[in-house]
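Enquirer: sequence and computational prediction follow.
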2 protein chains.
Amino acid sequence: MAAPPGLRERKKLQRRKLIEDTALELFARDGFDATTVETIAAACDIAPRTFFSYFPTKDDLVLADYADRLARILDAFAARPANEPAWQALQGSFEAIAADYESEADRLRARFAIMATAPSVRARSLELQLGWEFALVERLSERDDVVDDTVAQLLAGTALAIMRAALRQWFTSGTDSHPPELMRRGFVLAGNGFDHL
Amino acid sequence: MAAPPGLRERKKLQRRKLIEDTALELFARDGFDATTVETIAAACDIAPRTFFSYFPTKDDLVLADYADRLARILDAFAARPANEPAWQALQGSFEAIAADYESEADRLRARFAIMATAPSVRARSLELQLGWEFALVERLSERDDVVDDTVAQLLAGTALAIMRAALRQWFTSGTDSHPPELMRRGFVLAGNGFDHL
DNA sequence: TGTATTCTTGCAGTGACTGCATTCTTTCAC
DNA sequence: GTGAAAGAATGCAGTCACTGCAAGAATACA
């Protein structure tokens, strides 16, 4: 019951993907604000009301992959050797998803463009990332080598900051940069400490 | 023309403060979502339309002090000795505003409560803080000791992460903690580097 | 095939926010 | 002081995201 999850389930996923792709195209063509939910619905041949049973908000549609992304980070983190230092484990996990990012450059670049013009999406993105931070804090707190909650928050917060910086760098700099490298560089810098800067 | 800035100007500031105070009270009493702009306007004896000439959005009303706050950070940063290392200058600046925070505990606690229940405010808060980050990156990039843009983003991003962690700590932990100390602690930890954690 | 379950849809409504035109208040030159 | 110019407050009509609800359609399952 995992391979063919029934017609209903299949249709739902299919439709979800259709909405996402269609909307992203419209956003790219006409802009995020200029594209109404009604327009998206019409382009997908669904009722406007139906849109909201697939995505909670228009903003969230743009960030639809964030949930999976978080799951990937947490999985990667959990898969790290138990005796590895916390910071190193974080670095490894984030480098792993950096590789994911690289393989989806186009989609992410489109999103970056949307965020540049739609403050609400940018804001929501940051809020979701704050959720990642909390999830990481939780995992970090379970470790033996991270006793202090403040330390856990600092580690997670810095890791996310590194990620944002790396992605920003990736998008603004030329095409010759690679997320995993940028991410690693950030982790190394923060790992060594900022005191000598 | 700076001391008595004219009746018009005075009334405007007065009214702005009235709206802010009234709204914050209503939010505390009835909740952020349950308090409509119309209600706020009625309580202030102004037309609903007028509200929006004082605050761009309902969210922004809650975060009305963020602009001043940023100005304070930038001022503090600019006032730092020129030969001081970048990270140390950041630390000094953030400890300075941490002192501000401590003297406004009540107001900030009220805001913290609002953010806990109103995701849009939380999101907007993070977005405004991203603006602080950019402003700091700009200032950092002007310095001789920060040549690399990635480094500037890392420094600023981490500083903001430290600030958030410190404030979170302040609000969740007992009343015996002090923002400047919490802030300093974060800066020291990040200053020393996370590699040994 | 019939029935329960799970969407999809339409409808009516709320609430934030905007543009525009109007009216009122403050300012300022005379 | 008076009158015009500038600025702010207001009212109105409208857009758009988003919601609850109830009816209708599709799917699952016995």
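Expert: The structure has been received and is ready for your questions. Numbering: from 1, shown residues only, chains lettered A, B, ... in the order given.

Enquirer: point out where chain A drops to low pLDDT.
Expert: Across chain A, residues meeting the criterion (pLDDT under 70) sit at A:1-4, A:7.

Enquirer: do a quick rundown of the helices in it.
Expert: Under the criterion DSSP state H, chain A carries helices at the ranges A:6-30, A:37-44, A:48-54, A:58-62, A:66-78, A:86-102, A:105-117, A:119-141, A:149-172, A:179-192.

Enquirer: need those helices in TSV with mean neighbour count, can you?
Expert: Any C-beta I mention is one placed from the backbone N, CA and C, and that applies to glycine too. Conversion of the helices of chain A to TSV gives the following (neighbours: other CB atoms under 10 Å in any protein chain shown):
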stretch	mean neighbour count
helix A:6-30	14
helix A:37-44	16
helix A:48-54	14
helix A:58-62	21
helix A:66-78	15
helix A:86-102	20
helix A:105-117	15
helix A:119-141	20
helix A:149-172	22
helix A:179-192	20
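
Enquirer: so what's residue A:175 up against?
Expert: The neighbours of residue A:175, taking CB atoms under 8 Å, 6 or more residues apart in numbering or on different chains as the test, come to nothing; the list is empty.

Enquirer: of all the helices of chain A, which lies closest to DNA strand C?
Expert: Go through these one by one with CB to the nearest atom of the strand and the one that ends up closest to DNA strand C is helix A:48-54, at 3.3 Å.

Enquirer: mind listing residues that contact the closest one?
Expert: Residues from elsewhere that reach helix A:48-54 (CB under 8 Å, 6+ apart): A:15-16, A:19, A:37-38, A:40-41.

Enquirer: let's see it as PDB, backbone CA atoms only.
Expert: What follows is helix A:48-54, C-alpha atoms only, in PDB (Å, rounded to 0.1, in the frame of the first residue of the first chain):
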ATOM      1  CA  PRO A  48     -10.400  29.200  -6.200                       C
ATOM      2  CA  ARG A  49     -11.600  27.700  -3.000                       C
ATOM      3  CA  THR A  50      -9.800  24.500  -3.800                       C
ATOM      4  CA  PHE A  51      -6.400  26.200  -3.900                       C
ATOM      5  CA  PHE A  52      -6.500  26.600  -0.200                       C
ATOM      6  CA  SER A  53      -7.000  23.000   0.500                       C
ATOM      7  CA  TYR A  54      -3.600  22.400  -1.200                       C
END
